[in-house]
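S.K.: A structural model of the following input is requested.
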Amino acid sequence: MFAIPGKPPVTITSAAVQQIARLMEREHAAGFRIGVKKGGCAGMEYTMEVAQEAGPMDLVVEEGPARVLIAPMAQMFLLGTEIDYEVGLLESGFKFRNPNVVEACGCGESIKFKDMPEEG
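M.R.: Now for the predicted structure:
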């Protein structure tokens, strides 16, 4: 993965750090794995899961008590992303501010990345 030396590939807001740390503690997890998979109306979707251990190819980003594991296939898509956690009146959840996304569906859970091949 190409990254700027001394700068993490993703940033994690303080709200996301607190939520990830809570999830890790509750699940006795080693981290919170983030990835992408094909799906949704725009072509790709984010995946998130608690992880009991880091995989050999996971990229690890630590911020305070939070540990984010970036799955190998997602690393190039998440470079420069800010991970946040927002609490709202109707819904709460993780939000990804990703400069590599060129299109997103109305719900914000399905995305399309720059230079992503078209399905045919």
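S.K.: where does the protein have its least confident helix or strand?
M.R.: Every helix and strand of the chain was ranked by mean pLDDT, DSSP states H and E. The lowest is strand 110-113, at a mean of 65.
S.K.: that's a strand at residue 84, yeah?
M.R.: Yes - counting by DSSP: H, G, I helix; E, B strand; the rest coil, residue 84 is located in a strand.
S.K.: Helices of the chain, residue ranges please.
M.R.: Along the chain, counting by DSSP state H, helices occupy 14-27, 75-78.
S.K.: Distance check, residue 75 against residue 58.
M.R.: Plainly put, residue 75 is 9 Å away from residue 58 if you go by C-beta to C-beta, to the nearest Å. C-beta: built from backbone N, CA, C; applies to glycine.
S.K.: How about the contacts made by the most centrally placed residue in the chain?
M.R.: Compute the mean C-alpha point of the chain, and by C-alpha atoms, centre = their mean the closest residue is residue 34, 4.3 Å away. The contact partners of residue 34, by C-beta atoms under 8 Å, 6 or more residues apart in numbering, come to 10, 46, 47, 48, 68, 69, 70, 71, 74, 78, 83.
S.K.: Of these, which belong to strands?
M.R.: Members of those lying in strands (criterion: DSSP state E): 10, 46, 47, 48, 68, 69, 70, 83.
S.K.: how deep is the fourth one tucked in, by neighbour count?
M.R.: Put plainly, it is residue 48. The tally of other residues near residue 48 (other C-beta atoms under 10 Å) stands at 15.
S.K.: Could you do the first one as well?
M.R.: Other residues within reach of residue 10 by the criterion other C-beta under 10 Å amount to 22.
S.K.: Would you check that it makes contact with residue 75?
M.R.: No - look at residue 10 against residue 75 with C-beta atoms under 8 Å: they stay out of range, at 9.5 Å.
S.K.: Quick check: end-to-end length of stretch 45-61?
M.R.: Its first and final residues considered, stretch 45-61 spans 21 Å by C-alpha to C-alpha, to the nearest Å.
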